[in-house]
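1. Next come a sequence and a model predicted from it.
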Amino acid sequence: MTSPARTARPSQHKTARPRGGASEVGGGEQLLKIGEAAKALGVEAYVLRFWETQFPFLRPRHAQSKHRFYAAQDLETLRLIKRLLHQERFTIEGAKKYIREVGLERALAAKPGQAAHSGSATARAASSEAAAGASGAVSDHTRRTLAEVRRELESLHKLLED
């Protein structure tokens with residue numbers, strides 16, 4: 001038995017741009033697909049999709065095919081989010097609060113490391129009080145622990161001498 005011959009079908013998918021390169025829109029603005037943007041940032045594409053659900057101001061453009069396209073401003077915002085989460089060790093809630101209090105434009109303009117030291121006056125005061133209290137508690141605890149270790153070492157030393 002012979003199988004029916006297959007006929008070549010014309011492609012049903014039409015692309016709005018050439019494959020593999022950044023797209024340009026009317027004003028000459030370059031747009032990156034989600035995979036390209038993720039690679040440029042050093043994260044996986046699913047991370048960018050997740051961040052979109054957590055940060056409402058992050059809204060890339062969507063083609064009719066539902067593909068995401070990221071503009072230069074989107075990439076800057078993503079770099080800010082990555083810096084806050086990965087380098088400055090904010091939680092997602094903390095990063096959202098920081099951006100909400102400072103404003104997206106000022107947060108984008110801030111230098112790395114500045115976010116941990118800025119924010120509202122109340123947050124700064126609470127943070128410095130907590131740090132002062134914690135350092136005092138750690139210092140007292142450390143002193144007691146070291147004194148105890150020293151006593152144990154001295155008693156062990158006496159046992160070995162006898």
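-> Great, that's in hand.
2. What residues sit buried inside the host helix or strand of residue 106?
-> Applying DSSP states H and E as the criterion places residue 106 in helix 104-109. For helix 104-109, the neighbour count (16 or more other Cβ atoms under 10 Å) marks 104, 107 as buried. C-beta: built from backbone N, CA, C; applies to glycine.
3. other SSEs contacting that helix?
-> helix 72-82 (3 or more Cβ pairs under 8 Å, 6 or more residues apart in numbering; DSSP states H and E).
4. buried residues in the helix it packs on?
-> The neighbour-count check on helix 72-82 (16+ other Cβ under 10 Å) flags 74, 75, 77, 78, 80, 81, 82 as buried.
5. other SSEs contacting that helix?
-> For helix 72-82, the elements it packs on are helix 34-41, helix 45-54, helix 104-109, judged by 3+ Cβ pairs under 8 Å, 6+ apart.
6. Could you rerun that using 7 Å?
-> Helix 72-82 is packed against helix 34-41, helix 104-109, with contacts defined by 3 or more Cβ pairs under 7 Å, 6 or more residues apart in numbering; DSSP states H and E.
7. Now residue 68: phi and psi?
-> Here is the backbone geometry of residue 68 (degrees, to the nearest 10): phi -90, psi 140.
8. just for this structure, where's the confidence low?
-> Along the chain, the parts satisfying pLDDT under 70 run over 1-28, 114-139.
9. so where do the strands sit in it?
-> 23-24, 30-33, 61-62, 68-70 (DSSP state E).
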